[in-house]
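what's the 3D shape of this:
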Amino acid sequence: MTVVAHAFVCLPAAAVSASPEDGPELGYIGFRLLEAPVVRRDDPRALKYIVDHLKPGTTIERRFEVANNSDTKREVKLYPAAAKIAKNRFVFADGRAPNELSEWTSVRPGALVLDPWEKAEAKVTIRVPEDARPGERYAVVWAQNETPPDAQHNIGSIMRVGTRVYLDISDSGEYADFRITKLVARRDKDGQPSVVAQVHNTGKRALDLQGKLRLLDGPGGLDAPGRAVTQGTTLPPGGRGTVSVDGLDRRLPAGPWTARLRLESGTVKQSLSARLTFPAPGGTSLAALITSSHRGIWYAAAGVLAACGGALMSYRRRRAARSRF
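Numbering: from 1, shown residues only. Next up, the predicted model:
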């Protein structure tokens, strides 16, 4: 079994990943990756998730940091578990339920005892079998703290934070791409406008879609403030789905408008310009395409970075920020 000696880029404190189970405050437990392959240093997804493309028989390692963000000493359990893409969402399995990728994955140490405000490092190792079938697989690496019931609390709690794992297995190169196939303007029965884009994942990697819509050249030359796409759509390879732009001002005139939509997943970007008119309440209206840009991303063949000798490169930007799952 060969070990790929990737060149790594050290990640800033901004690359923290937290679970939806994390509370609205500091969350007691913090988690962040400490390195990512240099080939993906411009890929925002690789700065917070483990995203890679490997040949069968390859082993990789990733360092991460766990922090106790509380005044209480805590034991944190570290482990991999299953995940999948279902109904265009990245879905975590219950508890420690396994799948193929989580069974290839180990975390050392398996537990940390952290004093108040203490931080410690751990390591994820993924060993891909020689006979692994081609295709993309999903898992999650968790840091879990349990608070049992006591005299003051009848109900215990479990909190998990961690990072997603997207691992593609192939002897050839890696291709990621998507197309925006349709743009639709809507108003609900109460008159609230929204825009929905239909997207087709035409590549071989899952996509976590985000982006922004601008409405320009409206009635009387009116421009509307840009609005971010509602996040949460994850498309599997070959998958089709929608992303929406919600919360538009209900006072927007019907139009027509020039809509400029930009979507991206990591370094894969696509934009579309269309002419649209918002319908009457309860209706939909198909936008007329003006222009569409297209740029898929080919990554190098799996294992090509072995010659880099595992050298580390510093990523110096430092910001205090958090990024949720």
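
poorly predicted segments of the chain, please.
For the chain, the stretches with pLDDT under 70 are 1-27, 148-156, 294-325.

and with 50 instead?
Along the chain, the parts satisfying pLDDT under 50 run over 1-26, 300-325.

where along it do the helices fall?
Here the chain has its helices, by DSSP state H, at 100-104.

mind checking how far stretch 271-289 is from the chain centre?
Computed by CA atoms, centre = their mean, to the nearest Å, the separation of stretch 271-289 from the middle of its chain amounts to 29 Å.

same check, this time on stretch 99-113
20 Å.

list the buried residues in it.
Buried residues in stretch 99-113, counted by 16 or more other CB atoms under 10 Å: N99, E100, L101, S102, W104, T105, S106, V107, L112. Just so you know, the C-beta spots here come from the backbone N, C-alpha and C atoms, and that holds for glycine as well.

for stretch 109-126, same thing?
Result for stretch 109-126 [16+ other CB under 10 Å]: buried residues L112, L114, A122, V124, I126.

now stretch 220-231
Neighbour-count burial for stretch 220-231 [16+ other CB under 10 Å]: A224, R227, V229.

which residues does the first one form beta bridges with?
When bridges are assigned using DSSP bridges, the partners listed for A224 are L215.

roughly how far apart are it and A197?
For A224, the distance to A197 equals 17 Å [CB to CB, to the nearest Å].

next: the second one.
Using CB to CB, one obtains 13 Å as the distance from R227 to A197.

do the same with R41
The gap separating R41 from A197 is 29 Å, by CB to CB.

more neighbours: which of these two?
Neighbour count, other CB atoms under 10 Å: between R41 and A197, A197 has more, with 26 against 15.

does that one touch G241 like I think?
No: with contact defined as CB atoms under 8 Å, A197 and G241 do not form a contacting pair (9.6 Å).

residues near I158, how many?
12.

what sits against it?
E21, Q144, N145, E146, T147 (CB atoms under 8 Å, 6 or more residues apart in numbering).

show me those residues that map onto strands.
Q144, N145, E146, T147 (DSSP state E).

among the residues you listed, which two are most distant?
Largest separation among these by CB to CB: Q144 and T147, giving 10.9 Å.

the more surrounded of these two?
Between Q144 and T147, counted using other CB under 10 Å, Q144 has the larger neighbour count: 21 against 14.

thought the more buried one was touching K77?
Yes: between Q144 and K77 a contact is recorded at 4.7 Å, counting by CB under 8 Å.

with distance to I180 as added columns, please give the contacts of I158 in TSV.
Shown next, in TSV, are the contacts of I158 (distance: CB to CB, whole Å):
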residue	distance to I180
E21	32
Q144	38
N145	41
E146	44
T147	45
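
between these, which is closest to Y28?
Nearest to Y28, judged by CB to CB, of the contacts of I158 is N145 at 6.2 Å.

and that closest one, what is it in contact with?
N145 neighbours (CB under 8 Å, 6+ apart): Y28, I29, R74, E75, V76, K77, I158, M159, R160.

hmm, try it at 6 Å
By CB atoms under 6 Å, 6 or more residues apart in numbering, the contact list for N145 reads I29, R74, V76, M159.

in strands, which of those appear?
I29, R74, V76, M159.

re the thing from before, and for A197 and G241, which residues touch both?
Between them, A197 and G241 share no contacting residue, judged by CB under 6 Å, 6+ apart.

and stretch 277-291, which residues are buried?
F278, P279, S285, A287.

what is the end-to-end distance of it?
17 Å (CA to CA, to the nearest Å).

distance between it and the chain's centre?
Centroid displacement of stretch 277-291 relative to its chain, using CA atoms, centre = their mean, is 30 Å.

who's in contact with that stretch?
Contact partners of stretch 277-291, identified using CB under 6 Å, 6+ apart, comprise 183-187, 189, 191, 193, 254-256, 273-276.

and which of the ones in strands among the contacts of I158 is nearest to S70?
For the ones in strands among the contacts of I158, the nearest to S70 is N145 (9.1 Å; CB to CB).

now for R187: which residues touch it?
Counted by CB under 6 Å, 6+ apart, R187 has contacts P193, F278, P279, P281.

which ones among the residues you listed lie within strands?
Going by DSSP E, the strands hold P193 from those.

ok, what's across the strand from the closest residue to L78 other than its chain neighbours?
Excluding its sequence neighbours, the residue lying closest to L78 (CB to CB, 6 or more residues apart in numbering) is V107, at 4.4 Å. In this entry, V107 is beta-bridged to V124, by DSSP bridges.

do you know how far V107 is from E121?
Distance from V107 to E121, counting by CB to CB: 12 Å.

got it, and G241?
G241 is 37 Å from E121, by CB to CB.

cool, and S265?
S265 is 29 Å from E121, by CB to CB.

what is R62 paired to in the beta sheet?
Applying DSSP bridges, one finds that R62 bridges with V124.

so it sits against V124, correct?
Yes: counting by CB atoms under 6 Å, R62 touches V124, with 4.7 Å between them.

run through the bridge partners of the nearest residue to N68 once chain neighbours are set aside.
Excluding the flanking residues, the one nearest N68 by CB to CB, 6+ apart is L114, at 3.7 Å. Applying DSSP bridges to L114 gives these bridge partners: R74.
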